[in-house]
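J.: Dropping a prediction and its sequence here:
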Amino acid sequence: MTTTSLAVLVPLLPFLGAVAGLLLGRTAPGFVRPLAVLPPLASLVIAVLVAVRQGGDQAISAAAELTPTGSVPIELALYIDGFAALVAVLVGVVATCVQIYSTGYLRDDPRYPSYAALVSLFTSAMLLVVYSGDLIVLLVGWEVMGICSYFLVGHYWETPEARAASLKAFLVTKLGDVPFLIGLFALATDAGSFRVSTVLGTVASGGLHHPTLIALLLLAGVAGKSAQFPLHTWLPDAMAGPTPVSALIHAATMVAAGVYFVARLLPVFQASSAAMTVLAVMAAVTMAGSALAALAQDDIKRVLAYSTIGQLGYMTGALAVGDRGAAVFHLLAHGAFKALLFLAAGVIIHASGTNSLAVMSRMKDLRTRVPDAYWTMTVALLALTAIPPFSGFFSKEAVLGAAEHVATGHTEHAPGAAGWIVLVAGLITAVLTAAYATRLWLLAFRGQGAEAPDHGRQPVTMTAVLWVLAVPSLAFGLLYGPLPDWFDGRDLTPVLTTSVLGTGLALVGGLVTYGAWRQTTVLAARVPLGAVAAHPDADGGQVEAEAIAGHEPAFGDVAYVPDPADPGRLLLGPLHRHAAVGFHLDAVYTVLFVRPVQAAASLVRFLDREVVDTYVRAAGDLPRWLGAAVRRAQTGNVQTYVSALLAGTVVLVVAALLVATGA
């Protein structure tokens, strides 16, 4: 079988599994779990075979016209370069692990068949984005992922948080997709084709007429899909969905699509220095802001959500300095350890019965209840912190090294200002990343207080997957040497300067956080376990709250008193309460967009009810009134009719005489 034929099967198999799962979910429930696991597993095996055959060499390209349009053709096209081959393998690995994990995590969920089918469809859509050589076909996968995320985030639709989160994720990403679609049409108009290879050829020959406009329009969609500032607010709230869905979205699908799209069409963005600078600023704000927010979150999944936003900022930062090899390298490494973090968090939540780090910090020996999650999450957090020799060290240093090269003028792939912006923000974020990763580990596993509750052992399908993902989290970074051909031949060897700076700052962030934690444990010992609770805020998220001595200072619409055991409170100081609610960006959007739209909707409703409906009602009332008047004349009395007839005759005769006399 040819490589092209094999590549077609990679997105097709999960799609067929999704269809079969939906059809057989109720009639043959015994087939649901095999149909959930086997198609993505088979797709993974084929994706590995395609990657081996591609070998990082010349891109595999094939196309067949889908339908004549009369102008720009739409084609079913494949374009598989080294990036596509490796990202497809990542998607297959994470999707397979998530499906296996879900068989245990959702084993008692009555909606598991539809959930498993949607996960398979989600996987198929992402693989379509990865392999597609036509931008319109890519857009189909792009939008299918948006729909799947809506249903999966809202899986627990009985809860208002899940309903609000799914709607918010859908609307915010669609807000970015509108300019994204316009940008695609503008790009195809300039290039004369939706084919990726043709577009890249047009850029190389200088054929783009509006590169800045096109790049900025496309960046809006990327910001929405990959949760970059200012369209990142949907991702933390998306934690209302099942934990395996969070792992899938954050590690291999949805948010990875935007970064991958920019990497694939990077020459389009490099054609505009302004667009590259905007991308660098967006990455810098995203990195630093999300890391500060992660340091103040109480919900363990929201910490990881903000962490994802920050790590995506590193990837977009690498793209902003023109190094897509470093961006995709970090995308692959991050996919492994972030999937591990979320799935391990699911085990911890299952064992502790809570998402709250404040509550976990008052549970003694939680780590002994979940040894698999303890050790594997430790590995993943070390990778996230970029401590050598874990995978995150090599991939993050590739990003910082690329930024340093641009900043110091060693390469002209991007403006020098973009290099400095990404480098400075990346180093600051390295400190903050170590701080919130250390905080999470200490609060989750080094708690002091009562015994952790016993919620039973976790299924082996949940714990085994953790060790599978721990392998690439530990060792994937070492592949930068054997795999240069898959990364445009880019030398991904860590740079000495940024390696020392990045690792040193990470160690400082971890040690300072540990010192702050040691100080707060004394105060925490005085607060009973039952005093700490997590209260939902107005957006369905979580902010820390605590009732101590009856004191609950008001903060917005929620009571807010930080947990005294939280080292993040000591580190952030007055900034803590603002970071905990995402620096009020949702409140800003409410004032700027939500309330004006609601006011406009109220005005339209008023006009429709009081003006339009008035005319509609009048059109019906007038015939009714005329009918009522005529009905009153129909008495059924013959004498009345004869009298009216005689009176009418007299009136007509008099009128005729008057007319004749006047004549």
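T.: In hand now; what should we look at?

J.: Distance from the chain centre to the helix or strand where residue 649 lies, please.
T.: Element membership of residue 649, judged by DSSP states H and E, is helix 638-662. Offset of helix 638-662 from its chain centre (CA atoms, centre = their mean, to the nearest Å): 84 Å.

J.: pLDDT of it, averaged?
T.: Average pLDDT, helix 638-662: 83.

J.: Tell me the helix or strand right after the longest helix along the chain.
T.: Looking across the chain with DSSP state H, the single longest helix is helix 160-191. Sequence-wise, the next helix or strand downstream of helix 160-191 (DSSP H and E) is helix 196-204.

J.: List of residues touching that following helix?
T.: If you take CB atoms under 8 Å, 6 or more residues apart in numbering as the criterion, helix 196-204 is touched by 59, 61, 77, 79, 132-135, 187-188, 190-193, 208, 211, 264-265, 267-268, 271. Every residue, glycine included, has its C-beta placed from N, CA and C.

J.: mind checking the SS state of residue 325?
T.: Secondary structure, DSSP: H, G, I helix; E, B strand; the rest coil: residue 325 is helix.

J.: Check what pLDDT it gets.
T.: The predicted local confidence for residue 325 is 90.

J.: just for the stretch 351-500 of the chain, where's the confidence low?
T.: 450-456, 479-484, 489 (pLDDT under 70).

J.: where do the strands sit along it?
T.: 363-364, 450-451 (DSSP state E, counting those that start in this stretch).

J.: Check which helices and strands the first one is in contact with.
T.: Going back to what we said before, that points to strand 363-364. strand 450-451 (3 or more CB pairs under 8 Å, 6 or more residues apart in numbering; DSSP states H and E).

J.: Tabulate the CA atom coordinates of whichever strand or helix holds residue 618 in CSV.
T.: Assessed by DSSP H and E, residue 618 sits inside helix 613-633. The C-alpha trace of helix 613-633 is given here as CSV (Å, rounded to 0.1, in the frame of the first residue of the first chain):
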residue,chain,number,x,y,z
ASP,A,613,-46.3,43.2,16.9
THR,A,614,-48.6,46.3,17.3
TYR,A,615,-49.0,46.5,13.5
VAL,A,616,-49.4,42.7,13.2
ARG,A,617,-52.1,42.7,15.9
ALA,A,618,-53.8,45.7,14.3
ALA,A,619,-53.9,43.9,10.9
GLY,A,620,-55.8,41.1,12.7
ASP,A,621,-58.0,43.3,14.9
LEU,A,622,-59.3,45.5,12.1
PRO,A,623,-61.2,42.7,10.2
ARG,A,624,-62.4,41.5,13.5
TRP,A,625,-63.9,44.9,14.4
LEU,A,626,-65.5,45.2,11.0
GLY,A,627,-66.9,41.7,11.3
ALA,A,628,-68.3,42.6,14.8
ALA,A,629,-70.0,45.6,13.3
VAL,A,630,-71.5,43.7,10.5
ARG,A,631,-72.6,40.9,12.9
ARG,A,632,-74.6,43.4,14.9
ALA,A,633,-76.6,44.3,11.8
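
J.: Tell me which residues of it come out buried.
T.: Neighbour-count burial for helix 613-633, counted by 16 or more other CB atoms under 10 Å, picks out no residue.

J.: Show the average pLDDT along it.
T.: 80.

J.: and the angle from it to helix 638-662?
T.: Note on geometry: by axes from the mean of the first three to the mean of the last three CA atoms, to 10 degrees, helix 613-633 and helix 638-662 are set 100 degrees apart in direction.

J.: got the contact list for helix 613-633?
T.: Here helix 613-633 has no contacts from other residues, using CB under 8 Å, 6+ apart.

J.: Let me know the average pLDDT across stretch 137-145.
T.: pLDDT averaged over stretch 137-145 gives 95.

J.: quick one: it to chain centroid distance?
T.: 14 Å.

J.: Please apply the same query to stretch 54-68.
T.: Worked out by CA atoms, centre = their mean, stretch 54-68 lies 28 Å from the chain centre.

J.: swap in stretch 50-59?
T.: Worked out by CA atoms, centre = their mean, stretch 50-59 lies 29 Å from the chain centre.

J.: Could you list the buried residues of that stretch?
T.: Buried, per 16+ other CB under 10 Å, within stretch 50-59: 50-51, 54, 56, 59.

J.: so what's residue 53 closest to, chain neighbours aside?
T.: residue 3 (4.7 Å; CB to CB, 6 or more residues apart in numbering).

J.: burial count for that neighbour?
T.: Neighbourhood size, residue 3 [other CB atoms under 10 Å]: 16.

J.: With only the CA atoms kept, save the helix or strand hosting residue 50 in CSV.
T.: Using DSSP H and E, residue 50 sits within helix 32-54. C-alpha atoms of helix 32-54 as CSV (Å, rounded to 0.1, in the frame of the first residue of the first chain):
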residue,chain,number,x,y,z
VAL,A,32,-18.5,0.4,22.6
ARG,A,33,-15.2,0.1,24.4
PRO,A,34,-13.4,-1.8,21.6
LEU,A,35,-14.7,0.7,19.1
ALA,A,36,-13.4,3.5,21.3
VAL,A,37,-9.9,2.1,21.7
LEU,A,38,-9.1,0.1,18.6
PRO,A,39,-9.6,2.7,15.8
PRO,A,40,-7.3,5.4,17.4
LEU,A,41,-4.8,2.6,18.2
ALA,A,42,-4.8,1.4,14.6
SER,A,43,-4.5,5.0,13.4
LEU,A,44,-1.5,5.5,15.7
VAL,A,45,0.2,2.4,14.2
ILE,A,46,-0.4,3.7,10.6
ALA,A,47,0.7,7.2,11.6
VAL,A,48,4.0,5.8,12.8
LEU,A,49,4.4,3.9,9.6
VAL,A,50,3.7,7.0,7.6
ALA,A,51,6.3,9.0,9.6
VAL,A,52,8.9,6.3,9.0
ARG,A,53,8.2,6.3,5.3
GLN,A,54,8.3,10.1,5.2
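
J.: Rounded mean pLDDT for it, please.
T.: For helix 32-54, the per-residue pLDDT averages 94.

J.: Could you pull up the contacting residues of residue 167?
T.: So, once contact is read as CB under 8 Å, 6+ apart, residue 167 ends up touching 150, 154.

J.: Could you find the closest non-adjacent residue to residue 239?
T.: residue 301 is the one closest to residue 239 (CB to CB, 6+ apart), at 4.1 Å.

J.: Neighbours of that neighbour, how many?
T.: Neighbours of residue 301 (other CB under 10 Å): 22.

J.: re the thing from before, can you give the distance of the helix holding residue 618 from its chain's centre?
T.: The answer for helix 613-633 is 56 Å, by CA atoms, centre = their mean.

J.: Is residue 437 in contact with residue 510, as I believe?
T.: Yes. Using CB atoms under 8 Å, residue 437 is in contact with residue 510, at 7.5 Å.

J.: what is in contact with those two at once?
T.: residue 385.

J.: of those two, who's got more company?
T.: Neighbours per residue (other CB under 10 Å) separate residue 437 from residue 510, with residue 437 holding more: 31 against 23.

J.: what sits against that one?
T.: Contacts of residue 437 by CB under 8 Å, 6+ apart are 307, 381, 384-385, 510.

J.: Pick the one among those residues closest to residue 259.
T.: residue 307 (15.2 Å; CB to CB).

J.: Which element, helix or strand, includes the closest one?
T.: Residue 307 belongs to helix 300-320, assigned by DSSP H and E.

J.: One more: residue 63?
T.: Assigned by DSSP H and E, residue 63 falls in strand 60-67.

J.: Only alpha carbons, please: show that strand as CSV.
T.: What follows is strand 60-67, C-alpha atoms only, in CSV (Å, rounded to 0.1, in the frame of the first residue of the first chain):
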residue,chain,number,x,y,z
ILE,A,60,4.4,14.0,0.5
SER,A,61,1.8,15.8,-1.6
ALA,A,62,-1.2,14.5,-3.4
ALA,A,63,-4.5,16.0,-4.5
ALA,A,64,-7.8,15.3,-6.2
GLU,A,65,-10.3,18.0,-7.1
LEU,A,66,-13.3,17.9,-4.7
THR,A,67,-15.7,20.0,-6.7
